[in-house]
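Peer 1: the following comprises the amino acid sequence and a computationally predicted model.
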There are 4 protein chains.
Amino acid sequence: MISPMNPAQLREKVVQWRRDFHRHPELGYREYRTAARVCDVLAAIPGCTVRVGRDVMDPAALMNPPSAEEFAAARSEAIAHGANPAWVARMGDGLTGVVAEFNFVRPGPTLAFRVDMDALPILESAEAAHAPAREGFASTHAGRMHACGHDGHTAIGLGLASLAPAHAAQWGGKLKIVFQPAEEGCCGAKAMVAAGVFADVDALVCGHLGTGATRAGLIACGTDAFLATTKFDVEYRGRAAHAGMAPQDGRNALLTAATFALQLHALPRHAGGETRANAGTLHAGSGRNVIADRAIVEAEVRGTTAAVNRFMTDEAFRVARAAAEMFGVTCDIRIVGEAGSAPCDAALKEIVRAAAKSLPATHEIVDTLPLGGSEDATLMMLAVQARGGTATYLQIGTALPAGHHHPRFDIEESALWHGVELYAAIAERVLGV
Amino acid sequence: MISPMNPAQLREKVVQWRRDFHRHPELGYREYRTAARVCDVLAAIPGCTVRVGRDVMDPAALMNPPSAEEFAAARSEAIAHGANPAWVARMGDGLTGVVAEFNFVRPGPTLAFRVDMDALPILESAEAAHAPAREGFASTHAGRMHACGHDGHTAIGLGLASLAPAHAAQWGGKLKIVFQPAEEGCCGAKAMVAAGVFADVDALVCGHLGTGATRAGLIACGTDAFLATTKFDVEYRGRAAHAGMAPQDGRNALLTAATFALQLHALPRHAGGETRANAGTLHAGSGRNVIADRAIVEAEVRGTTAAVNRFMTDEAFRVARAAAEMFGVTCDIRIVGEAGSAPCDAALKEIVRAAAKSLPATHEIVDTLPLGGSEDATLMMLAVQARGGTATYLQIGTALPAGHHHPRFDIEESALWHGVELYAAIAERVLGV
Amino acid sequence: MISPMNPAQLREKVVQWRRDFHRHPELGYREYRTAARVCDVLAAIPGCTVRVGRDVMDPAALMNPPSAEEFAAARSEAIAHGANPAWVARMGDGLTGVVAEFNFVRPGPTLAFRVDMDALPILESAEAAHAPAREGFASTHAGRMHACGHDGHTAIGLGLASLAPAHAAQWGGKLKIVFQPAEEGCCGAKAMVAAGVFADVDALVCGHLGTGATRAGLIACGTDAFLATTKFDVEYRGRAAHAGMAPQDGRNALLTAATFALQLHALPRHAGGETRANAGTLHAGSGRNVIADRAIVEAEVRGTTAAVNRFMTDEAFRVARAAAEMFGVTCDIRIVGEAGSAPCDAALKEIVRAAAKSLPATHEIVDTLPLGGSEDATLMMLAVQARGGTATYLQIGTALPAGHHHPRFDIEESALWHGVELYAAIAERVLGV
Amino acid sequence: MISPMNPAQLREKVVQWRRDFHRHPELGYREYRTAARVCDVLAAIPGCTVRVGRDVMDPAALMNPPSAEEFAAARSEAIAHGANPAWVARMGDGLTGVVAEFNFVRPGPTLAFRVDMDALPILESAEAAHAPAREGFASTHAGRMHACGHDGHTAIGLGLASLAPAHAAQWGGKLKIVFQPAEEGCCGAKAMVAAGVFADVDALVCGHLGTGATRAGLIACGTDAFLATTKFDVEYRGRAAHAGMAPQDGRNALLTAATFALQLHALPRHAGGETRANAGTLHAGSGRNVIADRAIVEAEVRGTTAAVNRFMTDEAFRVARAAAEMFGVTCDIRIVGEAGSAPCDAALKEIVRAAAKSLPATHEIVDTLPLGGSEDATLMMLAVQARGGTATYLQIGTALPAGHHHPRFDIEESALWHGVELYAAIAERVLGV
């Protein structure tokens, strides 16, 4: 058990956690060191039950996991960088989610917060203008970076957990803090939902640093303009042939993929909402003078509603398969990521508003800011809403020297404590008895 | 019975027949006046049996016939322009083929000649430089023209028939002169083959004025570089929708047809021979702001061998159907024309060579000239060859003021009598006993 | 001069006008009979100046006019059906717009109302369930129909004009009633704007029967979700060649058009608003075995803002031209229709609201209903707003047995008088002194 | 100087050379070890002048050389595997061609033989059925293999050079043996032609083991059905953008490449000869949710004549550039390989025939066999023919356990000596005085 910290100490600790995570960015499903650190901290908090591995993630619902070799390498690396091997062992292949649970004595609702832990395959800036570089906590793994603030989210989650024991007497019901892996690509949420993590949740608060809230002190109580999305790979296998001597013997996977890509972008617009379609990468063929026998396309579609995204997904798959028919090749479609579109509930937004208002760090409150992108937290929100609960996706303001996913992305560290206090104030309002 | 003509009179008559046919061009399957004239002439020749209608064409094998209305209009027009209604009545809907048969007393082989009768949808030149215009035998039907020499072929066939009685004593076996409708588009031969017209033929001579033989006096004993071909229509039916208000409700037949057209041209080359593919016409849509619900494409493929053409046909149909799948529309493919590729038999070419050599009109003899196009006479040649017979496709030289299918196409009329004499000399060598 | 009518008589008259126009539907720019009738009625109204022809339409700005032959035929038909030849003569080729002007003695602002007059190329239903058929005022021109309510709009315009003299003493400034031709296809507005019709207008009220207002008694004070649009034709000219004998000599206009159509639909989505793209019709080629030397595509793009529509237009034209480059053919792009997107001004909507509220026929008032389509009245609205004036586009409720542009489209005739009264009440509030 | 060998010793030596080259396969322009070995052997032959580097290759005409890093690595590897550093130094970056020259005392013509030295990026079979694997001379470089017989060609060249001194007294004129690098991909010949290697050649003999001559003892005096070819890379650079948040800001290089690939395959057929087109590889994009800003396509076209290949090249480049226009991206086209189509001269074929006839190893002689592929030796042949000389491309028979470019490709080693004797017998007939 750690000794209780006073707020100033904890505030300092949250910054240290964030910097530690920032130094050790890990890609989706491979957050072994991050998750093990989270477990270490949580295990030392009185009254906190730590759930990990199969308890909180259904391996059958893992979307787009890396290979066994990549898992093994990630585990070795994590342990080499200080991860507790006992925790790592419990996380198996990609079950890197963690849930902190506080069961209070008095009855009450179940309130969950969701934070995400994964980093991005981006080479971090080494310029002095970039604070992590200047102050010595930049990524120690070339080509990986916390460029979306998840390091901060995880630190806020630990800050909230650290504050919980002090409220044990005043709070009732249950508090769950969900540390999600593999948010990028909209992969990781599904397996946590499938494992039942949200089956008892009455209110769910998700959140993000920055996004639309680009001024310190600004809190958005909710978010809209989520784009529901389906991410998928299409792999074509045809038949190679010499392009000069026997072109008729080939089954051209390159042209199949090219046709798919073009027709994917030519899918009809939808009067029911905005749509998106993208073939982001295409790799095909083995040699200039050979009819290409293999091609792979990484693609995605989006829509402002689940129905519109469903339309786009169905049409995209139809086009992918018909292209294969057209060229006489085989087609394998793999869904590798999914997010929905969920409304933020007014009641919960009101609670966020009241909580935000109570904090001196809050300078400005808005009801809703748009996301304009995709987030698999929506799957968790939809799960909670489906059982009659409420959910919101708030935004915590911070000035941003560069946009999300940029090599010079960074947050104002004052936003971390603003986040911890906001989450605690929300818990106070939901669980306080 | 007509009184026997001396050669000079017949030579004159052949020119008159050609000019009469030239004046009255009729499109494929609608050669009612031409065929009725042919019947009238043949019926007056001693010993000539005239077969017409169902006797010589299988209605079930008609490729791409026009509508019942077009047939009725063509019959009325033909009768109005002097066709014998009795013959017209026997020709029903498109059974406009005629076969002249001479059964000689002495035994011998069956020798067939094939001539074709149909004209083209071309507006004939009215320029004075164009002999038919200058000399008053240009087309009397605006937009139709004998621009491929079939008027001359038919006249040569009648000339040969007129000469036959004089040889009845010296010839044995059987002489058949086959007057084929609807050669353009490779439509009409199939129904004559299906009716059994070639089931007893031991030697078949087909021929063409001009083509590669572009000097008067030149005879080519055979032809190669036939392109086997399949002509087909593809019709797509989708679902209309307002392009602004509900684009997602449409099923776009225009884009389907566009995709088919592009992919048809992108079919692989074939190392087994040359190929061709063409989407010649495409008509789609009903309005600018409506998702097109209907499209029709007139297309064709070709190949230097039947196998290569088969490959192209199979691939084209696959692409046509897959395009429909891609856009969720229905697809109807109709074969409307077919020709094969047939070799010219050396033995028969030798007979043609000897016959040509015997004529003063012959200035030059070559073994083979290329066609570089398609001809459904090949189906007849293949039928004869399949039963062990021999076939050739000769070419009769004539200077051409303009190429085939041109509004100023014309032949030297001296080639007509050269043709009649050549055919008679061939018959002499095959049937002479 | 007609004798003043009491309201009941005028109400009856408005219905008669509408039925007369319904019986004689005329396509865009060919509304000679309709416009001549409008002129006849207006000329008989005291104090009404009738402007027509070049006074109100700039011939240089006519978008997509029909041919001289079609104009001549339309004029003849109109006169045969009772149009006053003197008015027809002044309308020249397509200058069928009419403006009624009332200049009041007292000073005041200029208020304009816009109504449209053209019909659609739709075959009207003859079913008894369809009121015009049952009651004997269905279209007398097979294949043309007032299926969008413009007959009613024109009748309302005449009703308002008929009421104006009675208010001459109480109103100041100027009242203009603009009868626009060729709204369908977004063609006619531009020439009226170019002629300066709106150069003195301070407030402009446009309106539509039905659209989103599908209950009798409902008034929408304004409209949003206009889709700015550009309608255009793309014509490609290549080079014909025989598809079998010389495919390499062709310049394939059919494939060019097919490529353009596909790539038009594949233009990127835009985060700034919704977009649309449609190649509605495509006609190419002259024969199956000929490389197509000509193709024409009727196309359109749309966007929820003028900027987004501009983006789509620029990209569409780029694609159209690049397709021509790709196939070595020439490309001719003709803009044939345009509409913008204009906001409805709050101040004018408030006046509409007050006016609507004052009428017993009004059962329900809403601020704004969406259009979801395109309207070239927006060009007029933008012109007025550009000079500092205000504009709105209201909707007059009516139940609809079938949607706009449907063969059974019809309106409730009670809506006509509701419209006349509403327009008069608006004029009262704007011009009343 | 090596001591003269008797034929049996030399025959054995030729096999050893071939096996040594087989063990050390080197890719195009990186044949440092092979070429250095060739130089070592040649330098020891009396009367042989060894030309290498800039003397025999024009660096400005190198087609598709690898990077400076790859050159450096290849040199190091070659030296590590026994290459003489002095020769390697003279070969610079890719100037790995070698020419052996024998200037005889008596006057006479200049006769050249061309052999090629490069290997392929293929993983050689390790199966016991594969003789090199079984007998221990398989490739020692995983992923590289002599799978086209160039190891044998080089050994034959050395065998011929070794025989030359013995004929010095009987031969006149000049004998050149040209060891060419980088034949695969049709890259290396151009630089040797540009360096003037063929400027004095009166007769040129090129040859290949196997190809169409798939029986031991068969000699083809010439080759036809060369496909002239142009190999080229197309690189597109566009602009990246987030596919969800700002698709309109992207310039899509992936779709550009896909369009190019499809339209390349849809280029028209040519009545002047057979054509080929292939986009063999396509790599585009950096992430699923990013508009791809870069794409690269490896492509080629071919034609049975230089004119037809020129047509295809021009059309392909037009399409490549127009695709860039269509998507607003930049386009860089780099020609990386070229071959022509050259006739084999009858006079030289007759000499080959006589030479072949004189050898007991010859069982069968044919005039010509088809290649059906591309060979940049044609550039050398065309250079010789352009100055009035003669050229042929003969084929030396060998049974093949697997086709060219197959992981189990192998030759009968008896064909090596047959080749040496044939080349010497040809030299005897051309240079013998």
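Peer 2: Done, it's in.
Peer 1: so, low pLDDT: which residues of chain A?
Peer 2: A:1-4 (pLDDT under 70).
Peer 1: strands of that one, start to end?
Peer 2: Along chain A, the stretches classed as strands by DSSP state E are A:48-52, A:98-103, A:106-116, A:172-180, A:203-209, A:218-224, A:228-237, A:275-284, A:294-303, A:330-339, A:364-370, A:390-396.
Peer 1: and chain B, which of these is closest to it?
Peer 2: Smallest distance to chain B across the strands of chain A (CB to the nearest CB): 8.7 Å, for strand A:275-284. Just so you know, the C-beta spots here come from the backbone N, C-alpha and C atoms, and that holds for glycine as well.
Peer 1: does the closest one come close to chain B?
Peer 2: No. Judged by CB under 8 Å from any CB of the partner chain, strand A:275-284 stays clear of chain B, getting no closer than 8.7 Å.
Peer 1: give me the sheet partners of that strand and which way each runs.
Peer 2: The pairing partners recorded for strand A:275-284 under DSSP bridges are strand A:294-303 (antiparallel), strand D:275-284 (antiparallel).
Peer 1: which bits of the stretch 151-300 of chain A sit near chain C?
Peer 2: With CB under 8 Å from any CB as the criterion, the stretch 151-300 of chain A meets chain C at residues A:262-263, A:265-266, A:268-269, A:271, A:274-277.
Peer 1: likewise for the stretch 301-433 of chain A?
Peer 2: A:Gly372.
Peer 1: can you do 10 Å?
Peer 2: Residues of the stretch 301-433 of chain A found near chain C (CB under 10 Å from any CB of the partner chain) are A:302, A:304, A:372.
Peer 1: bridging residues for the first one?
Peer 2: Read that as A:Arg302. Bridge pairing for A:Arg302 - DSSP bridges - gives A:Thr229, A:Arg276.
Peer 1: for it, which residues are in contact?
Peer 2: Residues near A:Arg302 by CB atoms under 10 Å, 6 or more residues apart in numbering or on different chains: A:226-231, A:273-278, A:308-309, A:312-313, A:339, A:341, A:373-374, C:269, D:243-244, D:247, D:289.
Peer 1: again, only using 7 Å
Peer 2: Contacts for A:Arg302 (CB atoms under 7 Å, 6 or more residues apart in numbering or on different chains) come out as A:227-229, A:275-276, A:309, A:374, D:244.
Peer 1: what is the nearest of the residues you listed to C:Arg144?
Peer 2: C:Arg144 has its nearest neighbour among the contacts of A:Arg302 in A:Thr275, at 36.2 Å by CB to CB.
Peer 1: do stretch A:256-267 and chain B meet at all?
Peer 2: Yes. Counting by CB under 7 Å from any CB of the partner chain, contacts between stretch A:256-267 and chain B involve A:263, A:266.
Peer 1: I'd like to know which of the strands of chain A is closest to A:Ala142.
Peer 2: strand A:275-284 (21.7 Å).
Peer 1: surely A:Pro132 touches A:Ile411?
Peer 2: No. Applying CB atoms under 7 Å as the test, A:Pro132 and A:Ile411 come out as separate, 10.2 Å apart.
Peer 1: higher neighbour count, those two?
Peer 2: A:Ile411 (25 against 21; other CB atoms under 10 Å in any protein chain shown).
Peer 1: touching, that one and A:Gly397? I think so.
Peer 2: No. A:Ile411 is beyond contact range of A:Gly397, at 10.0 Å (criterion: CB under 7 Å).
Peer 1: which non-adjacent residue is nearest A:Arg239?
Peer 2: In space, A:Arg239 comes closest to A:Arg251 once its chain neighbours are excluded; the distance is 4.0 Å by CB to CB, 6 or more residues apart in numbering or on different chains.
Peer 1: count the residues that sit near that neighbour.
Peer 2: Around A:Arg251 there are 21 residues (other CB under 10 Å).
Peer 1: wait, it touches A:Phe327, no?
Peer 2: Yes. The pair A:Arg251 / A:Phe327 is scored as a contact, 6.2 Å apart, by CB under 7 Å.
Peer 1: give me the number of residues near A:Ala361?
Peer 2: So A:Ala361, with other CB under 10 Å, has 17 neighbours.
Peer 1: tell me the contacts of it?
Peer 2: Applying CB under 7 Å, 6+ apart to A:Ala361 gives the contacts A:217, A:418, A:421.
Peer 1: likewise for A:Thr256?
Peer 2: A:236, A:238, A:295, A:323-324, A:327, A:329.
Peer 1: dump these into a markdown table; add neighbour count as well.
Peer 2: A markdown table is the format used below for these (neighbours: other CB atoms under 10 Å in any protein chain shown):
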| residue | neighbour count |
| --- | --- |
| A:Tyr236 | 28 |
| A:Gly238 | 24 |
| A:Ala295 | 27 |
| A:Ala323 | 30 |
| A:Ala324 | 26 |
| A:Phe327 | 28 |
| A:Val329 | 25 |
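Peer 1: now the two most distant members of the residues you listed.
Peer 2: Longest span within the contacts of A:Thr256, CB to CB: A:Gly238 and A:Ala323, 11.3 Å.
Peer 1: quick revisit: show me the contacts for the residue nearest to A:Arg239.
Peer 2: By CB under 7 Å, 6+ apart, the neighbours of A:Arg251 are A:238-239, A:327-329.
Peer 1: neighbours of the nearest residue to A:Asp40 once chain neighbours are set aside, how many?
Peer 2: Closest residue to A:Asp40 apart from its sequence neighbours, by CB to CB, 6+ apart: A:Asn84 at 5.8 Å. Residues within reach of A:Asn84, counting by other CB under 10 Å, total 18.
Peer 1: and A:Ala391, how far is that from C:Thr313?
Peer 2: 41 Å (CB to CB, to the nearest Å).
Peer 1: quick one: which of those two has more around it?
Peer 2: Neighbours around A:Ala391 and C:Thr313, counted as other CB under 10 Å, are more numerous at A:Ala391. The numbers are 27 against 21.
Peer 1: from A:Ile351, how far out is the more buried one?
Peer 2: Taken as CB to CB, the span from A:Ala391 to A:Ile351 is 12 Å.
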